[in-house]
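> Build me a model:
(2 chains, ligands or ions: 2)
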Amino acid sequence: MEIDVVDVAARPRLNAWERLTPYIAYAALVTLIVVFGVLAPKLFLTERNFGVILQNSAVQCVVAIGMTFVIIIGSIDLSVGSVMALVGIVAALASTVVGGAMAFFLTPAIGAVLGLVNGAVFVYGYIPSFIVTLGMLSIARGFTIIVSGGFPIDIPPTGLFPAVGIAPVPILIVVGVAVVASFVLLKTAFGRYTIAVGGDEDKARMLGLPVDRLKLVIFTLSGALAGLGGGILTAEVGAGSPTMGIGFELTAISAVVIGGTPLTGGAGSILGTVVGSLVMSTLANGMIILGIPTNVQIVLTGVVLVGAVLLSIQRSKIHIMK
Amino acid sequence: MAAEDPLVSAGNGRISPARGGDATPVPFLEIGGLGKRFGSVQALSDINLDIYCGEVLGLLGDNGAGKSTLVKCISGVHRPTVGTIRCESREVIISSPVVARSLGIETVFQDLALIPNLDAAANLFIGRELSWGPFRGLLRVMRDRAMEEDLRQCLQQLDIHIPAGRMRVDSFSGGQRQAIAIARAVRWKAKLVILDEPTAALSVPEQRKVLSLTRQLASDRIAVIYITHNLLDVLAVTDRIAILHRGKKAAELRTKETNEHEIVSAIMGTAGKSSS
Ligand SMILES: Nc1ncnc2c1ncn2[C@@H]1O[C@H](COP(=O)(O)OP(=O)(O)OP(=O)(O)O)[C@@H](O)[C@H]1O
Ligand SMILES: [Mg+2]
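Ligands and ions are numbered 1, 2, ... in the order given. Presented below is the predicted three-dimensional model:
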């Protein structure tokens, strides 16, 4: 019996549109640069402004990279903005005790603890990540206000902590994080299992993959990177602020989704998220330059998020929409 | 329903393997007095069955007879309520699919256990990726080239053809996916491969490919349990047939010495009562 199975046509499940989604980010970035470049060439198309866009995208990008892993397994982390704020306040307070440098290095660790709590409640409590992290969004924000008394807390004006916020340090940190994250996603067993869990969690379990441990690690990682982002933002501002990072989960999720990682999980790329972050900060920058009122900017941010999900979600993977 | 026919050994009887010249080969797996209860449903009771290397055992029975439940007890998905399983003469407790795999038991489930959004090589090695460097566990760095080369050799050895490149397996045909699942069992030197309705959704040429792969497994001295509702497949591919009826073993037959009629009456629970 020499039967060839090759003649039975392969049936790709991805439609043409789904195969295009990884490139949305690049198209969006070029479109935005062209539009803002035409509308406000003198202000927008300057070397200095591009520097500002890069600098502003850095924190967003660090946080969105953590979010990318979370979304690839098909979960969501809504707590990143609040985690940034709590970590920023705690680091600012700690800097008077343990010193600025130590306080900065603690930021990913504090974030990791909060992320681990998210992960543990999610995995062992067996409730949707959406609810767990929505709770953490409120809990961490509440603690931030309690601990800070509602006021910003300054960090030391000199030394390593504030230096971290000065260009190009945040950009260098992002490049480092992105390279490592990309390697981990593409080349390690961790990355492969992340994609496998996003593809079919039941089968991943049946095949003996450490699904629960993987989820714990991914939520811890998201918390750690949110903490690092909060640390960098605190350094840039010169103080931890109780209102830091409000609405940050929206821009981070938008950056990931625009970067071609479908909200339905199972696929994704770090490079895409980096470009998606650039899209989000270019959009914010252009709207400011054009003098669009802040509240209208908030409206447009929401529109962009829903629009990006509308374009990139793989509906074939969702049977019932609730 | 005692068996008058000497070829039909009802209830607890066991018969030795049909193939293999050895005088009395030791079974790879010995199932003794196995029972499984789901709440008030007695899915299996008092199953005795031996499984030998190099032999294809057909497992037959009506819908709900307990075939899938039996193989799930063997592959670590379910824990039997009572009974023993001995693997290579040692009593074992197969508490999870991972334990089953470490004993050399690979299952090609009805729904395949391939990760749909990964490519063929990734699926061949899933959970057991080749790696290099100092890292262990989740952080180990994968050797993608080596795994792809290994896949290529494995497919060549089994005469399986799939599209080149790193295509996701959910873009493959049913037969191609089935073939990769079988290749995985071969690659990891399984000693027992369980195929649960492997040809159910396949075209005729793909069915024939799976049948020939099944025979190839047996000729490589692997034990095979083959579940199907297709009598032609059974007669073509098995050496021995065990028939379940309402959770009990109704008959055990040698394929060479039986016929369709006998098989059907055992499946319907009328063996020994018929007058042919
Ligand atoms: N997880 C479960 N919980 C409760 N009852 C179950 C479960 N799995 C199987 N059963 C019951 O056990 C009996 C045997 O089912 P099983 O799936 O083993 O049948 P089968 O022989 O594989 O049938 P088919 O040919 O339709 O695949 C059925 O009555 C079924 O309802
Ligand atoms: Mg079944």
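> Check the chain and tell me which residue is nearest its centre.
No chain in the question, so chain A it is. With distances taken as CA atoms, centre = their mean, the residue of chain A nearest its centroid is A:A64 (1.4 Å).
> try chain B instead
B:I194 (1.2 Å).
> tally of neighbours for the closest residue to A:L225 other than its chain neighbours?
Take A:L225 and drop its neighbours on the chain: the residue closest to it by CB to CB, 6 or more residues apart in numbering or on different chains is A:G66, 3.3 Å away. Yep, even glycine has a C-beta here, placed from its N, CA and C like the rest. Around A:G66 sit 32 other residues, with neighbours defined as other CB atoms under 10 Å in any protein chain shown.
> now swap in B:K189 and tell me
Neighbours of B:K189 under the rule other CB under 10 Å: 10.
> who's in contact with the residue nearest to A:L225?
When the contact criterion is CB atoms under 8 Å, 6 or more residues apart in numbering or on different chains, the partners of A:G66 are A:D77, A:V80, A:L221, A:S222, A:G223, A:A224, A:L225, A:A226.
> one more time with 7 Å
A:L221, A:S222, A:L225, A:A226 (CB atoms under 7 Å, 6 or more residues apart in numbering or on different chains).
> Among the residues you listed, which pair sits farthest apart?
Spatial extent of the contacts of A:G66 (CB to CB) is set by the pair A:L221 and A:A226 at 9.6 Å.
> When the two are compared, which one has more neighbours?
Neighbour tally, A:L221 and A:A226, criterion other CB under 10 Å: the higher count belongs to A:A226, 38 against 26.
> any idea how far chain B is from the more buried one?
21 Å (CB to the nearest CB, to the nearest Å).
> my read: that residue touches A:V113, true?
No: shown here, A:A226 and A:V113 do not form a contact pair, counting by CB atoms under 7 Å, at 11.5 Å.
> Quick check: can you list the domain ranges of chain B?
By the record's domain assignment, chain B is partitioned as B:7-11+B:25-104+B:193-276, B:116-189 (automatic domain parsing).
> got the residues of the stretch 151-276 of chain B near chain A?
B:159-161, B:163, B:167, B:170-173, B:175-176, B:179, B:203, B:205-206, B:208-209, B:212 (CB under 7 Å from any CB of the partner chain).
> And the stretch 1-150 of chain B, by the same measure?
Residues of the stretch 1-150 of chain B found near chain A (CB under 7 Å from any CB) are B:97-98, B:101, B:113, B:115-118, B:122, B:126-127, B:129, B:131, B:138-142.
> at 8 Å instead, please
Proximity of the stretch 1-150 of chain B to chain A is assessed by CB under 8 Å from any CB of the partner chain, with B:77, B:96-98, B:101, B:109, B:112-118, B:122, B:126-127, B:129, B:131, B:135, B:137-142, B:144 identified as the residues in range.
> Out of the residues you listed, which sit inside helices?
When helices are assigned by DSSP state H, the members of the residues of the stretch 1-150 of chain B next to chain A inside them are B:P97, B:V98, B:R101, B:A122, B:D144.
> Produce a PyMOL select command limited to the buried residues of the residues you listed.
Provided next is the PyMOL selection string for whichever of those are buried by 16 or more other CB atoms under 10 Å in any protein chain shown:
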select buried, chain B and resi 97+101+122+144
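> Contacts only, for the closest residue in space to B:L49 that isn't next to it in sequence.
Nearest in space to B:L49, with sequence neighbours left out and distances taken as CB to CB, 6+ apart, is B:I31 at 4.5 Å. When the contact criterion is CB under 8 Å, 6+ apart, the partners of B:I31 are B:I47, B:N48, B:L49, B:D50, B:I51, B:I74, B:G83, B:T84, B:I85.
> and those, which are buried?
Neighbour counting with 16+ other CB under 10 Å marks B:I47, B:N48, B:L49, B:D50, B:I51, B:I74, B:G83, B:I85 as buried within the contacts of B:I31.
> Quick check on the first one: phi, psi?
Read that as B:I47. Taking degrees, to the nearest 10, you get phi -90, psi 130 for the backbone angles of B:I47.
> So what pairs up with it in the strands?
Applying DSSP bridges to B:I47 yields these beta-bridge partners: B:L34.
> tell me the contacts of the residue nearest to A:L228 when sequence neighbours are not counted?
The shortest distance from A:L228 to any non-neighbouring residue, by CB to CB, 6+ apart, is to A:P108 (4.4 Å). Remark: with contacts taken as CB under 8 Å, 6+ apart, A:P108 is in contact with A:A224, A:L225, A:G227, A:L228, A:G231.
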